[in-house]
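Q: quick one, fold the following:
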Amino acid sequence: MLAVLDLAASKAGWGSPNPEGWFPGIAAGQFEQTCVAMIAQVSVSNEGEVRVRRAVCAIDCELVVNPLAVEAQIEGAVAYGVSAVLKGEITFTDGAADQSNFDDYPILRMNEMPRVEVHIVPSKADPWCRRNDGADRHARRRQHRPRRDRPTDPDTADPDD
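A: Down below sits the predicted model:
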């Protein structure tokens, strides 16, 4: 985690002065072996309009085969995350959500998108020495998913099935 925080901070110029009216924010998280950090530069207008101007992201997802795919995933995540914060609202009428699709749930337009920079931590992972985590997780998920032909009651289920 420290490597992604350091990389994001150095690429964003953390600690140096921000443009007038811009304010920095930082977030980091981990899911399984992937660590991500993002520094956002946010501005607030005199009218109180909040806008994310720049998002500097660092990610360590071990061995990367296609860096453009990683960049696209992060850019999409920023678009949907910022949209949820600045525009997202789910309202309900009679217990049903009023928003059902993209035509009535706004996402950022291209002119509202922050500049997104994605930096990938170089991996030292050896692809030939890792066990197949993806297949293992998939097998565990399938094992716990009920099937129509399998009894769902654990007392009557065959343990060898």
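Q: please enumerate the strands of the protein.
A: 22-31, 34-44, 50-60, 92-93, 96-97, 115-120 (DSSP state E).
Q: and the second one with strand 115-120, angle?
A: Between the direction of strand 34-44 and that of strand 115-120, the angle (axes from the mean of the first three to the mean of the last three CA atoms, to 10 degrees) works out to 160 degrees.
Q: can you give me the angle strand 34-44 makes with strand 50-60?
A: 160 degrees.
Q: tell me which residue is most central in this protein.
A: With distances taken as CA atoms, centre = their mean, the residue of the chain nearest its centroid is residue 77 (4.8 Å).
Q: from residue 115, how far off is it?
A: Going from residue 77 to residue 115 by CB to CB, to the nearest Å gives 15 Å. Bear in mind the C-beta positions are built from the backbone N, C-alpha and C, glycine included.
Q: residues contacting stretch 74-81, please?
A: Here stretch 74-81 makes contact (CB atoms under 8 Å, 6 or more residues apart in numbering) with 36, 38, 55, 57, 59, 107, 108, 113, 114, 116, 118.
Q: and the fifth one, how many neighbours?
A: Using other CB atoms under 10 Å as the criterion, residue 59 is surrounded by 21 other residues.
Q: cool, and the first one?
A: Other residues within reach of residue 36 by the criterion other CB under 10 Å amount to 21.
Q: so it bridges to which residues?
A: Legend: beta-bridge partners of residue 36 under DSSP bridges are residue 29, residue 59.
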